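Colleague: structure of the sequence below:
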Amino acid sequence: MKLKTGFRYAFALILTAFGLITLFLSSSVVFDLFGIRAKEGNYVLFVVIANMISSILYLLAVYGIILKKIWTTKILSISAGVLIIAFIGLFVHINIGGIYETKTIGAMVFRILLTLGFTISAHFIIKKTEK
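Modeller: This is a model prediction of the structure:
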């Protein structure tokens, strides 16, 4: 029983770290904090905003994971959906000649797959038992 609880808290800690780092970086680009915007090069604003929205959803999901709430999986699914929509929008942006960094495509694929992994993990950690 303690192993399962420890795993749940470890997962929550990983998701918290990922969410906070993402929130810091995306909000720094959006609000031009700490000179990070200049370092990012040709960023696509709606992709950065989608990442910021996802980071807030990750942090909300941490609360649900700790309390073993079934809605946690839905929150993470919404986050994946936001990222997928932004990814589709990125391809539209590219096809109409918009500027972007090539690393953005790989980063979006990584983030979408990681979020789907978080969603599946949360599903099994919570095991559909809502308190």
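Colleague: please make it C-alpha for all contacts and neighbour counts, starting now.
Modeller: OK.
Colleague: quick one, what contacts the one residue sitting closest to the centre of the chain?
Modeller: Nearest to the mean C-alpha position of the chain, by C-alpha atoms, centre = their mean, lies residue 54 at 4.1 Å. By C-alpha atoms under 8 Å, 6 or more residues apart in numbering, the residues touching residue 54 are 19, 79, 80, 82, 83.
Colleague: identify the farthest-apart pair in those residues.
Modeller: 19 and 82 (14.8 Å; C-alpha to C-alpha).
Colleague: when those two are compared, which one has more neighbours?
Modeller: The neighbour count for residue 19 versus residue 82, taken as other C-alpha atoms under 10 Å, is higher for residue 19 (23 against 18).
Colleague: which helix or which strand is home to that one?
Modeller: Using DSSP states H and E, residue 19 maps to helix 2-30.
Colleague: ok, and what's touching the helix or strand bottoming out on mean pLDDT in the chain?
Modeller: Every helix and strand of the chain was ranked by mean pLDDT, DSSP states H and E. The lowest is helix 36-40, at a mean of 86. Here helix 36-40 makes contact (C-alpha under 8 Å, 6+ apart) with 25, 28, 29, 30.
Colleague: for this structure, which residues score under the pLDDT cut-off?
Modeller: Across the chain, the ranges flagged by pLDDT under 70 are 1-3, 128-131.
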